[in-house]
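Enquirer: have a look; sequence and predicted model below, questions after that.
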Amino acid sequence: MSLFKARDWWSTVLGEKEEFDQGCLCVADVDNSGSGQDKIIVGSYMGYLRIFNPHPVKPGDGVQPEDLLLEVQLREPILQVEVGKFVSGTEGLHLAVLHCRKLCVYAVSGTLGNVEHGNQYQIKLMYEHNLQRTACNMIYGPFGGVKGRDLICIQSMDGMLMLFEQESYAFGRFLPGFLLPGPLTYSSRTDSFITVSSCRQVESYKYQVLAFATDADERQETEQQKLSSGKRLAVDWVLNIGEQALDICVGSFNQAVSSVFVLGERNFFCLKDNGQIRFMKKLDYSPSCFIPYCSVKEGTINTLIGNHSKMLNVYQDVTLKWATQLPHIPVSVKVANLQDLKGVIVTLSDNGHLQCSYLGTDPSLFQAPKVESREINYEELDAEMKELQKIIREATKTQDILPKSEKQRDLIVTAEVSPDLDTESQAIDSEVKAETVPSVTVKITIQSRVTAQKLNLAVCVQAPLAVTCDQFVFDDLEPDSSETVVLSVFLKGNCSPSELEGDCMVSYNIPTGIPRVAQCNFRLPLRLICSPSQPSKAANHKLTIDTSKPPISFLTIFPEFIDPSEDDQANVLGFQFLTGSKTTLLASKTSQRYRIQSDQLEDLWLVTKELTLRLEEHFKKQNCKDFVCTFSGSIPLQEYFELIDQHFELRLNAQKFQELLSERAVQFRAIERRLLTRFKDKTPAPLQHLDTLLEGTFREVIALADAAEENQANMFQAFTKLKSATHLVILLISLWQKLSTDQVAILEATFLPLAEDTQELGWEETVDAAVSYLLRTCLSKSSKEQALTLSSPLCMPKDTSRLKKNITLFCDRLAKGGRLSLSADSATQQAAVMPG
């Protein structure tokens, strides 16, 4: 028996395959018995109306035939049921049933039975209203401060409030700025209607303002005049809650304090009568329904909130006092007095599970029998204690921080790249203008040591590279089994990539339901994007890499680019990229240097990276530990700044295209409205060349969209080139200053913060903020610079002058002895030691 489980007092299942929602449940003394006991009224979308009076012999009993007082099938779906003083001339309670196009008010009465079958109940139709608009929900109350009777207000699907003074229709008003209907309630304390609009804000309208506003009934007015008349309604107060509301309710248990409760999708709000927030509670679950009720503590209000995890939480203001488990997801919850039992929780699910429950536990009458006393054998206990202590010592010998499942992973994913290109290219829809676009095969193997469920494999390469298939779904893997997939990688975009690396990620669940992730990386060959060609002597950009060992023949480190029969290419090598550019690699015969040259700065990156990696791998195989690469030249900042300016200019063009498109779209819609007005007019009028203006504006919109799309493609290529040049600058700075691995990671995080470039958050402003932070902390010259703060939000700058100035200052500080670090202590020491 769980303490945190709702105790079933009475329950039943209504009908078969019927649907219920928030307004389908109501509790009240609908037959005016005067006993103070509530009846449960339930209406369904299938049109069934049921009234229950539960009388279980003992808690947990099922439904008895006499518990169902009445069951009637009405012709139309029942949207909502309410009980109030709806009939004039009497203060007795009557039942209001809301259909899609009809409002019916019934009187429920019972007659004493003369046989053992018990009393008989029936309903009598008092009056009905046929609605001209499709209804959504309704509320009732003493509108305008009337005494002894309740008025009804129905909200239609198109935003009209229809008010009925019992048997007669009063008036109708349109809500301003209406899009979709929301929850609606009435506050008798302020005599106002409160709703939550599609703008995600709580709005309050005074009844007097609604009553004296321009009438919105269907007379001889046009639809445009109705909408304009509805906009004359003045809202009393507005509160923006920033989310859609599920339900709204007014709690007035204490006459001195009245509160408006709003249940949002992620928050629970309590408002004052004037719209100010009294308190709010952030919910860590998805709620489904709620109801406030009276609290035993003065000045507080209790609230029941049901959620989609089949839980019912009890709050006292914002404090969670109790949580209980339900057997279903509640869509409506009420608190009722049934059979002299006050505070019974009545819940209804969407499939008709109706339950009356209470909190706490049932007293247990079981008593454990007395066991026979026996003598204790202390020698056996000592021996058992020593054995257990030995097991504990053996288990605590290992000092592993991570569990064994982390040391020996449950699932391992490996990627093997084929050493040769595909004989038949698998490239699909490539934009490269070369005759043949090569592809390379990647074989991915998943090995599982345990049962792996819901396996999903994702393969990712950076654009402009692409894969033939990037998503794979597998069946459950048995222990010690494996799965293998084969895919191909090729160059799709018409520009060189900034990285020749890919990622594989596998997500799966272990048998206990815990999700896990395994991943691996793979490196693609340089032959995928370039081919050997004749070296070029002249070039615009040149770099020289110094090494601590004599140059190695290119036949050894680049065997796939050189024909072994051509000995003259042992010290010079040409790379022809698929995009058309060319890069040349030379090895000095007299000194320990390598030169890389090309007409484009960004084309130097991949060849330089491949050279340093292959040299390190070559000397690592020979167990040579003192091999290092250095760079003693000047960092090509001016050429780098040109690429930054090109990328930033395309971003400015994109912003201009967006503004022009917005202007032309506004113009296009304005012309459409005028044409529509002309076409709707009963007396034909000349178009005055509006159709010609519409066609011209449409052509301008299409031309601007094509230009913006072309600019977007150019901006993607410029960003790819900028990333390649940034990688090259980071590599040169690390070789120049001999940075450690951690310092290179800081450098990459500073200059390569974004995987994709957008108008909202671009590369220039992000890098400028990161470089400025390093200049203020670890590269600062004095404590005054550390005291400066950057509080301005990230936005697109007007130009790149500040960014280029900060990058130049960054390199200058590194040249003067600055070191990169993210800790505050080292930054303070660096500022004290760094030369001015």
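Expert: Yes, it's here.
Enquirer: who does the helix or strand harbouring V413 pair up with?
Expert: Per DSSP states H and E: V413 is located in strand 411-417. Using DSSP bridges, the strands paired with strand 411-417 are strand 439-448 (antiparallel).
Enquirer: buried ones in the strand it pairs with, by neighbour count?
Expert: 439-442, 444, 446-448 (16 or more other Cβ atoms under 10 Å). All C-beta atoms are positioned from the backbone trio N, CA, C, and that covers glycine.
Enquirer: okay, those in a markdown table with pLDDT and distance to F52 next?
Expert: Conversion of the buried residues of strand 439-448 to a markdown table gives the following (pLDDT from 0 to 100; distance: Cβ to Cβ, whole Å):
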| residue | pLDDT | distance to F52 |
| --- | --- | --- |
| S439 | 92 | 70 |
| V440 | 93 | 71 |
| T441 | 94 | 69 |
| V442 | 94 | 65 |
| I444 | 94 | 60 |
| I446 | 92 | 56 |
| Q447 | 91 | 59 |
| S448 | 89 | 54 |
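Enquirer: okay if I get the residues you listed as TSV plus distance to I154?
Expert: Converted to TSV, the buried residues of strand 439-448 look like this (distance: Cβ to Cβ, whole Å):
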residue	distance to I154
S439	65
V440	68
T441	67
V442	63
I444	61
I446	59
Q447	64
S448	60
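Enquirer: nearest to E384, of the residues you listed?
Expert: Each of the buried residues of strand 439-448 was checked against E384 using Cβ to Cβ; the closest is S448, at 39.4 Å.
Enquirer: which residue, other than its chain neighbours, is closest to the closest one?
Expert: Leaving aside its sequence neighbours, S448 sits nearest to L477 (Cβ to Cβ, 6 or more residues apart in numbering; 4.2 Å).
Enquirer: the one you found pairs with what?
Expert: A452.
Enquirer: can you count the residues close to it?
Expert: 20 (other Cβ atoms under 10 Å).
Enquirer: report pLDDT for it.
Expert: Per-residue pLDDT puts L477 at 87.
Enquirer: could you measure from it over to N351?
Expert: According to Cβ to Cβ, to the nearest Å, L477 and N351 sit 36 Å apart.
Enquirer: repeat for H689
Expert: Counting by Cβ to Cβ, the gap from H689 to N351 is 61 Å.
Enquirer: over to W237?
Expert: 39 Å.
Enquirer: cool, L103 as well?
Expert: Distance from L103 to N351, by Cβ to Cβ: 27 Å.
Enquirer: ok, now I41?
Expert: Distance from I41 to N351, by Cβ to Cβ: 18 Å.
Enquirer: who has more neighbours, the two?
Expert: I41 (23 against 16).
Enquirer: tell me which residues touch the more buried one, please.
Expert: 25-28, 30, 49-51, 81, 83, 95 (Cβ atoms under 8 Å, 6 or more residues apart in numbering).
Enquirer: and if we set it to 6 Å?
Expert: The neighbours of I41, taking Cβ atoms under 6 Å, 6 or more residues apart in numbering as the test, are 26, 30, 51, 81.
Enquirer: check the residue nearest to I40 when sequence neighbours are not counted and give its pLDDT.
Expert: Spatial nearest neighbour of I40, chain neighbours left out: F52 (4.3 Å); criterion: Cβ to Cβ, 6+ apart. Looking at F52, its pLDDT stands at 91.
Enquirer: does I545 really touch Y594, like I thought?
Expert: Yes. Judged on Cβ atoms under 6 Å, I545 makes contact with Y594 at a distance of 4.8 Å.
Enquirer: tell me the contacts of V318?
Expert: V318 neighbours (Cβ under 6 Å, 6+ apart): 279, 281.
Enquirer: what's the answer for S187, then?
Expert: With Cβ under 6 Å, 6+ apart, S187 has these contacts: V250.
Enquirer: pick out the residue nearest the middle of this structure.
Expert: Nearest to the mean C-alpha position of the chain, counting by Cα atoms, centre = their mean, stands R266 at 12.6 Å.
Enquirer: how near is that one to L528?
Expert: As judged by Cβ to Cβ, R266 and L528 stand 47 Å apart.
Enquirer: with Y48 instead?
Expert: Taken as Cβ to Cβ, the span from Y48 to L528 is 68 Å.
Enquirer: please apply the same query to D626.
Expert: Counting by Cβ to Cβ, the gap from D626 to L528 is 33 Å.
Enquirer: ok, now E617?
Expert: From E617 across to L528, the span is 18 Å (Cβ to Cβ).
Enquirer: who has more neighbours, those two?
Expert: More crowded of E617 and L528, by other Cβ under 10 Å: L528, with 20 against 10.
Enquirer: does that one really touch V440, like I thought?
Expert: Yes. Here L528 reaches V440: they are 5.3 Å apart, a contact under Cβ under 6 Å.
Enquirer: and L675, what does it touch?
Expert: So L675 contacts L690 (Cβ under 6 Å, 6+ apart).
Enquirer: quick one: pLDDT of it?
Expert: 85.
Enquirer: A strand includes it, no?
Expert: No. Assessed with DSSP: H, G, I helix; E, B strand; the rest coil, L675 is helix; it does not lie in a strand.
Enquirer: E483 is in contact with F474, correct?
Expert: Yes. Contact criterion Cβ under 6 Å: F474 and E483 qualify, at 5.4 Å.
Enquirer: now for those two: what residues contact both?
Expert: With Cβ under 6 Å, 6+ apart, F474 and E483 have no common neighbours.
Enquirer: specify the beta-bridge partners of the closest residue to T185 other than its chain neighbours.
Expert: Excluding its sequence neighbours, the residue lying closest to T185 (Cβ to Cβ, 6+ apart) is I248, at 4.8 Å. Per DSSP bridges, the residues bridged to I248 are V262.
Enquirer: name all residues that make contact with T683.
Expert: Per Cβ under 6 Å, 6+ apart, neighbours of T683: none.
Enquirer: could you measure from it over to L103?
Expert: Noted for T683: a distance of 41 Å to L103, by Cβ to Cβ.
Enquirer: how are the strands of the stretch 351-500 of the chain distributed by residue range?
Expert: For the stretch 351-500 of the chain, the strands defined by DSSP state E, counting those that start in this stretch cover 353-358, 411-417, 439-448, 453-461, 465-467, 471-474, 481-491.
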